[in-house]
Structures are given as C-alpha cells and as structure tokens.
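*Asks:* pasting the sequence and the predicted model now:
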Amino acid sequence: MKPWLSGEYDQLFHQIHQIEARIISFTGSSDGCGTSTMCNWLARRCAEDQQKVLLIDLDLSGFGQGFPAKSWQSDGNGEAEALIHINSQLDILPRPSRERTILDLRQPQILTKALERWKQNYHYIICDVGTMTNTNWRNLPVSAISHASDATILCVAAAKTKESELLTCMKKLEQNGITLLGTLINDQINPSLADEIIRVLKGKARWLPNQLKQRLIRYLDNSPLLQGKYQ
C-alpha cells in the first residue's frame, strides 16, 4: 500500500480541505525525523485528489527532497527549467542554488508575491522548510514561511526527538504567533509491538520452555500486524 493513501494521510488531507488551506509548510523538530519524506507523501496525497500540486524544497541545511539545487529566481526566471515533473499533477521545485534567491525569499513581501504567483498555477503549494532547530545563515526563517502559509505541520520522531527540542520548537511557534494544524509522529525508529514482546520474552520469560519461546519469536517476527508494516 502506498503510505500516502493510509488513513492518517486521509485524515490530514481532510483537515486541510476543511480549512481550505492551499499553502502548507512542513517543519521538523529534530534532524532525521523524516520531515521531507512525510512532506512528499502529503504532496502525493493531495495530487491524488486530481489537483495540481507544487512541492517546494526550502530545506537548505538538510537533504530535502533529494534533488540537486537548481538556478531559479523568486520572480519566476529559470523556474520552468528547474521544475521536476513527477506526474501530471505533481511538480517539485528543487532548492535554489542562487544566493540572491535565498536572500530575496527572506523578505516577506517577495516571499508572499512568489507564493501568490505559484497559486495561479497550482491548487496546493507545500513547502519543505527543514528542521526548525537548525539555525545557520543559509536557512530560511521558518516563522516567515509559516506566517505566509495557511497551515503549518510539525514533524516529530518517536524515540529520537528530544523533549528539549520539541519544547524549543513549541516556544518558537508560540512566540511568532503560529498555530499548528497538527503534529505528525514518525515512529519508524520506535520499536514495534512485536519487538517489545520479543524483548520481554528474552529478558523476563526465562520460565518458558526454550522451544516454545523460539516458536513465539518466529511468529512475532513474521507477523505484519505486530511489526506495524503496511499491507
């Protein structure tokens, strides 16, 4: 099953539809929490609604959408050549390679003008803005992009994102008056139910006959439901 067709993404898509949001920004609370992947999945889910979708890679300090940076300007020059057409409904605009473009997008009026221009050709504009706790001179300010967006989504990695990182993100959002549409939790690293049961079997169930224990472990290892895998 395609992950963007799961019930969780259906629920998220319907929330976006209900508030009539067209510009959605994705930000992560820590490195490696899967923000770009989940952002890509939402873009693909929106495209399934037969609406034109533009996914803009603004993650300047991370891996982003995985495409090489391209030379395009905030006024649209070079944009057509830079666009990557995933399918008839979904386009990806890679990270800008020009420092001038980055500086321009830091200015709220230029950013707003660019977003309005993109809205003329696309129904949904989804911005991958990377990790909020990464602060360097190249990053675009998350607060500026979120203010220009209709909705902001925060990504958290279960068993990886630290409490201090999450609290820092929430404080930044609150200070800038940004209301979250919701939080997506990436549980890829989080142990599955099967892993936890196996851990208990190996550590505390010493009274079980070894043969029975091994049969239970094999069953748990081969159970897609308890492993949390998509079918």
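*Replies:* Done, it's in. Residues are numbered from 1 along each chain as shown.
*Asks:* alpha carbons only for contacts and neighbour counts from here, please
*Replies:* Fine.
*Asks:* element containing residue 38?
*Replies:* If you go by DSSP states H and E, residue 38 is part of helix 35-47.
*Asks:* what angle sits between the helix or strand following that helix and helix 35-47?
*Replies:* Per DSSP H and E, the first helix or strand lying C-terminal to helix 35-47 is strand 53-57. Using axes from the mean of the first three to the mean of the last three Cα atoms, to 10 degrees, the direction of strand 53-57 lies 170 degrees away from that of helix 35-47.
*Asks:* which ones are touching the nearest residue to residue 176 once chain neighbours are set aside?
*Replies:* What sits nearest to residue 176 in space, not counting adjacent residues and going by Cα to Cα, 6 or more residues apart in numbering, is residue 143, at 6.4 Å. Counting by Cα atoms under 8 Å, 6 or more residues apart in numbering, residue 143 makes contact with 173, 176, 178.
*Asks:* so which of those residues belong to helices?
*Replies:* residue 173 (DSSP state H).
*Asks:* between the contacts of residue 143, which sits nearest residue 5?
*Replies:* residue 178 (28.0 Å; Cα to Cα).
*Asks:* count the neighbours of that closest one for me.
*Replies:* 17 (other Cα atoms under 10 Å).
*Asks:* ok, it touching residue 148?
*Replies:* No - judged on Cα atoms under 8 Å, residue 178 makes no contact with residue 148 at a distance of 10.2 Å.
*Asks:* okay, and the common contacts of these two?
*Replies:* Between them, residue 178 and residue 148 share no contacting residue, judged by Cα under 8 Å, 6+ apart.
*Asks:* that older thread, dump the helix holding residue 38 to PDB, restricted to CA.
*Replies:* Taking C-alpha atoms only, helix 35-47 is exported to PDB below (Å, rounded to 0.1, in the frame of the first residue of the first chain):
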ATOM      1  CA  THR A  35      10.100  15.800   7.600                       C
ATOM      2  CA  SER A  36      10.900  15.700   3.900                       C
ATOM      3  CA  THR A  37       9.600  12.200   3.400                       C
ATOM      4  CA  MET A  38       6.300  13.000   5.100                       C
ATOM      5  CA  CYS A  39       6.100  16.300   3.200                       C
ATOM      6  CA  ASN A  40       6.500  14.400   0.000                       C
ATOM      7  CA  TRP A  41       3.800  11.900   1.000                       C
ATOM      8  CA  LEU A  42       1.300  14.700   1.700                       C
ATOM      9  CA  ALA A  43       2.100  16.300  -1.700                       C
ATOM     10  CA  ARG A  44       1.300  12.900  -3.400                       C
ATOM     11  CA  ARG A  45      -1.900  12.500  -1.300                       C
ATOM     12  CA  CYS A  46      -3.100  16.000  -2.400                       C
ATOM     13  CA  ALA A  47      -2.200  15.100  -6.000                       C
END
